[in-house]
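Participant: turn this into a structure:
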Amino acid sequence: MELINLFIKSIFVENMVFAFFLGMCSYLAVSKKVSTAVGLGAAVIFVLVITLPVNFLLDQYLLQPGALAWLGDEFATIDLSFLSFIMFIAVIASMVQLVEMIVEKFAPALYATLGIFLPLIAVNCAILGGSLFMQNKNFGNVGEAVVYGLGSGIGWLLAIVALAAIREKVRYSHVPAPLRGLGITFIITGLMGIAFMGFMGIKL
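Facilitator: Modelled structure (predicted):
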C-alpha cells in the first residue's frame, strides 16, 4: 500500500514539472508535437527508473557517513557524501548515453526530431532532482527508489504530453500576436500548474 501511495504521490502531488518546476527547458522546447513528447517522456522514464535504484545503492553502500562499514571497522568513520553530486551525475550521464544509442539504433526518426535535447537529458534537473529527492526521503529499500523513479518519470511524461496536446490545438486557435509561441505556452503551463495544485490536498 505504501508503494502505491508513493507511486501516485510522485505522479500527481509531487509532479516534477508542476510542483517543483524541474526539467522545464526540454519540457518547453520538445512539447510542440505529441509524438515527440511521448518519445522524450519515455526516455526520461527509462533514465529515472534505472538511475534512481543505482544511485540509491551507491548512496547506501558508498556515500553516506559510515556506509563503508561493510568493508571493516576501520572504514566505518569514512564520509564520502561530498561525492554525491559527482557520482549521481556520472550514473545519469552513462544511462543517457545508453538511451541515446538505443534510440539512434531503433528509432532514427525520433532521434533526429529530439536532436540536442536527447543527450541533454543528462543535465535535465528533473533527473538529478529525482536522485536528490530520493536521498532526502531516506527510502528504506531499492524497491521504493524504483517506484519513485517510475512515478516521477510518468508524471513528467504526463506533463509534457498534456502540454504538447494543448499546443497542437492552440496552433489552430486565434492567439494574439504578442503571445504566440512561448508566451501562450508559459500561460498554459502556469494554468496547468495551478490545476495540479489541487492534488496537493489529497492525503495519501
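Participant: the helices in the protein, which residues?
Facilitator: Here the chain has its helices, by DSSP state H, at 2-8, 24-29, 34-58, 84-106, 108-114, 125-137, 142-170, 182-197.
Participant: how about those, which one is nearest Asp73?
Facilitator: The closest of the helices of the chain to Asp73 is helix 34-58. By CB to CB, the value is 21.7 Å. (C-beta placed from N, C-alpha, C; glycine too.)
Participant: for the closest one, packing partners?
Facilitator: When contacts are defined as 3 or more CB pairs under 8 Å, 6 or more residues apart in numbering; DSSP states H and E, helix 34-58 packs onto helix 84-106, helix 108-114, helix 125-137, helix 142-170.
Participant: quick one: average pLDDT of the longest one?
Facilitator: Think helix 142-170. Averaging pLDDT along helix 142-170 yields 95.
Participant: show me which residues of it are buried.
Facilitator: 144-164, 166-167, 170 (16 or more other CB atoms under 10 Å).
Participant: then the third one?
Facilitator: Neighbour-count burial for helix 125-137, counted by 16+ other CB under 10 Å, picks out Cys125, Ala126, Ile127, Leu128, Gly129, Gly130, Ser131, Phe133, Met134, Gln135.
Participant: quick one: low-confidence parts of this protein?
Facilitator: In the predicted model of the chain, residues 204 satisfy pLDDT under 70.
Participant: turn the helices and strands packed on helix 34-58 into JSON lines, columns for distance to Ala67.
Facilitator: What follows is those, written out as JSON lines (distance: least, CB to CB, whole Å):
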{"stretch": "helix 84-106", "distance to Ala67": "11"}
{"stretch": "helix 108-114", "distance to Ala67": "37"}
{"stretch": "helix 125-137", "distance to Ala67": "12"}
{"stretch": "helix 142-170", "distance to Ala67": "14"}
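Participant: which among those is found nearest to Leu58?
Facilitator: The nearest among the helices and strands packed on helix 34-58, by CB to CB, is helix 84-106 at 5.5 Å.
Participant: circling back: quick one: closest of the helices of the chain to Lys203.
Facilitator: helix 2-8 (9.8 Å).
Participant: what helices and strands are in contact with the closest one?
Facilitator: Using 3+ CB pairs under 8 Å, 6+ apart: helix 2-8 touches helix 142-170.
Participant: so what does His174 have for phi and psi?
Facilitator: phi -90, psi 100 (degrees, to the nearest 10).
Participant: and stretch 57-74, what's buried?
Facilitator: So stretch 57-74, judged by 16+ other CB under 10 Å, has buried residues Leu58, Asp59, Gln60, Leu62, Leu63, Gln64, Ala67, Leu68.
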